[in-house]
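Q: Requesting a structural model of the entry that follows:
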Amino acid sequence: MHDAQDVGTDSAVTLVRMEEHVDEKPGESDSTSSSETIDGQPQREGWDNKIQYILAQIGFAVGLGNVWRFPYLCQKNGGGAFLIPYFIMLMLEGIPLFYMEIAIGQRLRRGSVGVWNHIHRYLGGVGIASMVVCFLIALYYNMIISWAFFYFFNSFQSPLPWKSCPVMPNMTINNHSVEVAECAETSPTSYFWYRNALDISPSINEPGSPVWRMCLSLVVAWLIVFIGMFKGIKSSGKVVYFSATFPYIVLVIFFFRGITLPGSMDGVAYMFTPDMSRLADATVWRDAATQIFFSLGLGFGGVIAYSSYNDLKNNCRKDALTVASINCATSIFASLVIFSILGFKAHHRSEQCMDHNIIKIHAFFNEYNPDHNMNDVAVQMDRKNYIHLLDVMNETFYSDNETAPEILKHWLSINVSTCTIKDELQEAVSGPGLAFIAFTEAMINMPGGPFWSVMFFCMLINLGLGSMFGTLEGIITPLRDLGLRIPKEAIVAILCLISLAIGMIFTLRSGMYILDIFDTYAGTLPLLMIAFFETIGVAWIYGFSRFSDDLKLMLGDDGPGLFWRATWCVISPLCMLTLFVSSIVTLAIKTPQYEVYVLGGEKTKMKVDYPGWAIGFIICLIFCSIIWIPIIAFLRWRGYLSYTSVDSASKKGPTNSYVA
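A: Below you'll find the predicted structure:
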């Protein structure tokens, strides 16, 4: 036990306690675990091996956003041109911050609270803010996993339940069953998602009652999370062997299946065709920076928590470059897979559109018989010559002055489109719309649809669980580092139960609208501020030269070069500050809106303004985490929380003891 003056602590509350002892079995040691004593530091729980640690970091970094967010951003922001700002922001923001978090966690061997308490007493609130953000994100993230569980369980039937519309009971027209009107107005996949799964309400002001199907799915999701986490990294570390590798197996299978489907290359070509003019739009650069930032899990505390169990001499720079590169490559590869499947869907819908329009054109000529000698042309129309003959018809009707106005009016009224695959791919879809509507529609038209559906949703579940483990580790490790003296199993159980109880708000009929608030605002601005203070804390308060000495000690080389110094000290903080300011400006000049699902109009989905109470909730959601940064700093500055500063200059490294 070290003397009190060697340990930063607030004696008044356990908030400022640094680290508790974690016992290891005698003789348990590994090149990547921290079970042995280094530089006089006591034992700490560690990874079984290096592969387990890398898989855990990959599982945390690679999540649902790689599959349904990155492809959408590429499609929205210039296709292949989006990769230019993406790679630039990866180099200037993503990799430097990811490397910094891994290195500082490994050097100080603490969770997010312990790390920032050690660096400076005024930064203690940064770790608390990270914990709050992790908790808020875990609440809604596991609801998304619950949706995947619901679809996964429904995939074990043929035909898939979202393949066709349900019919009205005891109602027929000309001996044909009548489809439910709501489904007929939209599509079977859309109806199943909004009505069968969510039973969504038409407004956030109409919460409705909990949907029992979603309640059961949420219980299952939190039970799986508890089983994977209750032994800490000793249990989650075992789970990652499957949860981190299975998604890649599925992606490879989907890739080889996808590229053999008709229309797949049209989808891939559409996505990666560059629109260089989009690079002049500042929004494209902001989207690239934001995607890099959140894809790597920066500011959550999970990266720091995982690396705190590493051996002091572990090559953290190599780990950072490896995980960041795999994360980036996964996003691009997942985009290939997604758009090959969406290309097939577009091809199928294009053929359906042509068949439908050909019937309408034949009916038009049979009824009006326009005097243009076009009847023979209409009879010959099929999928292969559809676009060419449609152009001929349009040119004839519009250019011939003898066309009767009444005939032209009726021709316009049948609203015949070109039905090209590109037209079908124009609609950008992201998030739940991509996974639960667009992708499910593609799978019902694939041979062996139920098999592909099971594989796809099993992949989403594993991607989600990998990120959930890292997110919860960003809460559990700091709690134990604060000196919480109860078994880790109890901490995990209590956390899961509380999260389950609060998460029930997402099972309401308006739950998706509330989840969208959490997804959009709970992490965006807070994590930018957290990472900004992290970078300032390490580069300027802890000091670049001192951090450089730590890296020399850990890596055994000459330390970081000019690139790392420039990014940590100047470029990365400026990027985050610019992102934060631009996000605040965007939020201030435009009233926040959300998308509602309605019936009885030309559109089933439309944007509406949030009500006043929801805007107030958004503000509270943003500030309930970052408010801890100034609060802790102010209380320590004024002396309301007593604090004994850490002996930062000690070459022996941080102690693992605390003062009550």
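Q: which SS class is Glu595?
A: strand (DSSP: H, G, I helix; E, B strand; the rest coil).
Q: Test my guess that it contacts Asp609.
A: No. Contact between Glu595 and Asp609 fails when scored by Cβ atoms under 8 Å: they sit 11.6 Å apart. Glycine gets a C-beta too; all of them are placed from N, C-alpha and C.
Q: any shared contact partners between these two?
A: Counting by Cβ atoms under 8 Å, 6 or more residues apart in numbering, Glu595 and Asp609 have no shared contacts at all.
Q: Run a quick neighbour tally on the nearest residue to Trp68 once chain neighbours are set aside.
A: Using Cβ to Cβ, 6 or more residues apart in numbering and skipping the chain neighbours, the partner closest in space to Trp68 is Leu434 (4.5 Å). Look at Leu434: counted by other Cβ atoms under 10 Å, it has 19 neighbours.
Q: where in the stretch 551-660 of the chain is pLDDT low?
A: By pLDDT under 70, the low-scoring segments of the stretch 551-660 of the chain are 599-603, 642-660.
Q: tell me the helices in it, going along the chain?
A: Using DSSP state H, counting those that start in this stretch, the helices of the stretch 551-660 of the chain run over 562-566, 572-589, 612-626, 628-637.
Q: what about Arg383, neighbour count?
A: Using other Cβ under 10 Å, Arg383 has 12 neighbouring residues.
Q: Can you report phi and psi for it?
A: Torsion angles at Arg383 (phi, psi; degrees, to the nearest 10) stand at phi -60, psi -40.
Q: Which pLDDT value goes with it?
A: Per-residue pLDDT puts Arg383 at 81.
Q: That one and Met354 touch, don't they?
A: Yes. Counting by Cβ under 8 Å, a contact exists between Arg383 and Met354, whose distance comes to 5.1 Å.
Q: Excluding chain neighbours, give the residue nearest to Val113 in space.
A: Gly127 (3.3 Å).
Q: Now do the helix or strand the one you found falls within against helix 612-626, angle only.
A: Following DSSP states H and E, one finds Gly127 within helix 124-154. Inter-element angle recorded for helix 124-154 and helix 612-626: 120 degrees (by axes from the mean of the first three to the mean of the last three Cα atoms, to 10 degrees).
Q: If you count neighbours, what's buried in helix 124-154?
A: 124-152, 154 (16 or more other Cβ atoms under 10 Å).
Q: average pLDDT across that helix?
A: Here helix 124-154 scores 93 as its mean pLDDT.
Q: could we number from 508 for the rest of this?
A: Renumbered: residue one is now 508, and that last one reads helix 631-661.
Q: and that helix, what other elements does it pack with?
A: helix 619-626, helix 719-736, helix 956-988, helix 995-1010, helix 1018-1024, helix 1031-1043, helix 1119-1133, helix 1135-1144 (3 or more Cβ pairs under 8 Å, 6 or more residues apart in numbering; DSSP states H and E).
Q: Would you point to the one among these that's packed deepest?
A: Comparing the helices and strands packed on helix 631-661 by mean neighbour count (mean count of other Cβ atoms under 10 Å), helix 619-626 comes out on top with a mean of 31.
Q: Please compute how far it lies from its chain's middle.
A: On the basis of Cα atoms, centre = their mean, to the nearest Å, helix 619-626 sits 27 Å off its chain's mean C-alpha point.
Q: Retrieve the pLDDT associated with Pro769.
A: In this model, Pro769 is scored at 89, pLDDT.
Q: One more: the one 5 residues further on?
A: Predicted confidence (pLDDT) at Gly774: the value is 87.
Q: and if you look at Glu543?
A: pLDDT for Glu543: 40.
Q: Same check on Ala519?
A: Ala519 is given a pLDDT of 29.
Q: Asp1026 touches Tyr647, doesn't it?
A: Yes. With contact defined as Cβ under 8 Å, Asp1026 counts as touching Tyr647 (6.1 Å).
Q: joint contacts of the two?
A: With Cβ under 8 Å, 6+ apart, Asp1026 and Tyr647 have no common neighbours.
Q: hmm, back to that, let me see the contact set for the residue nearest to Val620.
A: By Cβ under 8 Å, 6+ apart, the neighbours of Gly634 are 618-624, 808, 985.
Q: hmm, back to that, do you know which of the helices of the stretch 1058-1167 of the chain lies nearest Gly585?
A: helix 1079-1096 (18.7 Å; Cβ to Cβ).
Q: Identify the farthest-apart pair in the contacts of Gly634.
A: Maximum pairwise distance in the contacts of Gly634, criterion Cβ to Cβ, is 12.9 Å, between Asn624 and Gly808.
Q: any idea how far Met778 is from Phe1039?
A: When distance is defined by Cβ to Cβ, to the nearest Å, Met778 is 33 Å away from Phe1039.
Q: quick one, strands of the chain?
A: Ranges of strands within the chain are 674-680, 683-686, 1100-1104, 1112-1116, based on DSSP state E.
Q: Quickly compare those and say which is most buried.
A: Taking mean count of other Cβ under 10 Å, strand 1100-1104 is the most buried of those, at a mean of 16.
Q: about what we covered before: any chance of the helices of the stretch 1058-1167 of the chain in JSON lines, plus distance to Asn712?
A: Formatted as JSON lines, the helices of the stretch 1058-1167 of the chain follow (distance: least, Cβ to Cβ, whole Å):
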{"stretch": "helix 1069-1073", "distance to Asn712": "50"}
{"stretch": "helix 1079-1096", "distance to Asn712": "21"}
{"stretch": "helix 1119-1133", "distance to Asn712": "9"}
{"stretch": "helix 1135-1144", "distance to Asn712": "31"}
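Q: was I right about Gly770 contacting Ile928?
A: Yes. Counting by Cβ under 8 Å, Gly770 does reach Ile928; the two are 5.9 Å apart.
Q: between these two, what contacts are shared?
A: Common neighbours of Gly770 and Ile928 are listed as 850, 853-854, 857 (criterion: Cβ under 8 Å, 6+ apart).
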